[in-house]
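# sequence-free structure coming up:
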């Protein structure tokens, strides 16, 4: 019995010792495993973070590529616009140069046209002479004004020529002064184009006709008093148009 008790005691002690010896390595293994899992989790977290950062960078890279492509397309577009604008600028410069060249030719032409117009008026039937001479004077003034463009100057010259042309087609009556033998007389003037240019005193007792060959007024007979009175009234729309007798100079024949 004593031996059995000793054996049992010995076995129990051995088991206790054996159990303690086994449990210690298991605890270490568990601790090591836990540490490994913890490190693995940290590593996975780092990996996940790197993956996220990589994904963000990839998206940014793709966005940057899109922006670069868009910028390239825009730059190409702007280049086309700039090239077109450069062509437009070059064209405008050519036009400006052309205008300058034209102006250098037009300005002398306008002075010659004004000189010719002045000579024509001086030799023409003196219809509205004061008005016509004043128009020529204003033309010369306009040619010396820096604030009047060449195109406007040219328009004024052409307009003056058009007015002169109208004198040859209009029927008109107007009041003015006639100098006859050194005496100024208030008269009604009447002209049928440039065919007939006559004057009648306001008391309707005297009439004259302009002789462009002699450049003077010639007194008419009383037979022209009524016809010229009627012609003046017709021009002023005070009487219906009708046939009247007017003194008309014969056309000069070439020698």
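Thanks, I have it. Model, not experiment: these values are computed from the prediction. Numbers count the residues shown, from 1 in each chain.
# all strands of the stretch 151-255 of the chain, in order?
In the stretch 151-255 of the chain, the strands defined using DSSP state E, counting those that start in this stretch lie at 171-180, 183-192, 196-201, 207-211, 216-219.
# deepest of those, which one?
strand 196-201 (a mean of 22; mean count of other CB atoms under 10 Å). Using the backbone N, CA and C atoms, a C-beta is placed for each residue, glycine as well.
# and the angle for that strand with strand 183-192?
140 degrees (axes from the mean of the first three to the mean of the last three CA atoms, to 10 degrees).
# Return the angle between stretch directions for strand 196-201 and strand 171-180.
Going by the same axes, to 10 degrees, strand 196-201 makes 60 degrees with strand 171-180.
# Just send the strands of the stretch 151-255 of the chain back as JSON lines, with distance to residue 83 and mean pLDDT too.
As requested, the strands of the stretch 151-255 of the chain are exported to JSON lines (distance: least, CB to CB, whole Å; pLDDT from 0 to 100):
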{"stretch": "strand 171-180", "distance to residue 83": "60", "mean pLDDT": "93"}
{"stretch": "strand 183-192", "distance to residue 83": "63", "mean pLDDT": "94"}
{"stretch": "strand 196-201", "distance to residue 83": "65", "mean pLDDT": "95"}
{"stretch": "strand 207-211", "distance to residue 83": "68", "mean pLDDT": "95"}
{"stretch": "strand 216-219", "distance to residue 83": "72", "mean pLDDT": "94"}
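# could I get the ones you listed as JSON lines with distance to residue 71?
As requested, the strands of the stretch 151-255 of the chain are exported to JSON lines (distance: least, CB to CB, whole Å):
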{"stretch": "strand 171-180", "distance to residue 71": "74"}
{"stretch": "strand 183-192", "distance to residue 71": "77"}
{"stretch": "strand 196-201", "distance to residue 71": "80"}
{"stretch": "strand 207-211", "distance to residue 71": "83"}
{"stretch": "strand 216-219", "distance to residue 71": "87"}
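# of all the ones you listed, which lies closest to residue 66?
Minimum separation from residue 66 across the strands of the stretch 151-255 of the chain (CB to CB) falls at strand 171-180, 79.7 Å.
# So which of the strands of the stretch 151-255 of the chain is nearest residue 126?
Going by CB to CB, the one of those nearest residue 126 is strand 207-211, 6.7 Å.
# That closest one pairs with which strands, and in what direction?
With DSSP bridges as the test, strand 207-211 is paired with strand 196-201 (antiparallel), strand 216-219 (antiparallel).
# next structured bit after the strand or helix carrying residue 38?
Residue 38 belongs to helix 2-123 when assigned by DSSP states H and E. Per DSSP H and E, helix 2-123 leads on to helix 129-143 as the next helix or strand towards the C-terminus.
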